[in-house]
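# after the sequence you'll find the predicted model.
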Amino acid sequence: MIPFIEAAYRTVPSDRCLMGYSSSGFFVLYALVNQPNAFRRYLSGSGDLDIIYPYLIKHDQKLRARETRDPIQLYLSVGELEDALIPSSMD
């Protein structure tokens, strides 16, 4: 998709953003771990943090070992009715 989008639209390849909500928010966090150089900003809304948080902790070395040191921005959000899903270590 990225080559198609960059060929069809004016973009800034060094400033890509991936955003998702709910299950797509979960995918954003999966992409962060598995393709950390593909995007610069990752926005995950209601991304099943209770499931993905242990995964992120387990695979954080992948992020540390990435080839570039360009900063990655991660924005996480949850709704007020999702308080029970936030891992206690994130309070």
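In hand now; what should we look at?
# the closest residue to residue 47 other than its chain neighbours: how many residues sit nearby?
Distances taken as C-beta to C-beta, 6 or more residues apart in numbering put residue 25 closest to residue 47, at 2.8 Å, once the chain neighbours are dropped. For the C-beta atoms, the positions are set from N, CA and C on the backbone; glycine is no exception. For residue 25, the count of nearby residues is 23 (other C-beta atoms under 10 Å).
# list the buried residues of the host helix or strand of residue 25.
Element membership for residue 25, per DSSP states H and E: helix 23-34. Residues of helix 23-34 classed as buried: 25-33 (neighbour count, 16 or more other C-beta atoms under 10 Å).
# repeat that for stretch 40-56.
Quick answer for stretch 40-56 (16+ other C-beta under 10 Å): 40, 42-49, 52-53, 56.
# of those, which belong to strands?
42-45 (DSSP state E).
# for this structure, which spans come out with low pLDDT?
For the chain, the stretches with pLDDT under 70 are 83-91.
# quick check: angle from the helix holding residue 25 to strand 41-45?
Interaxial angle of helix 23-34 relative to strand 41-45 (axes from the mean of the first three to the mean of the last three C-alpha atoms, to 10 degrees): 140 degrees.
# tell me what helix 23-34 is packed against?
In this structure, helix 23-34 makes packing contacts with strand 17-21, strand 41-45, helix 49-58, helix 60-64, judged by 3 or more C-beta pairs under 8 Å, 6 or more residues apart in numbering; DSSP states H and E.
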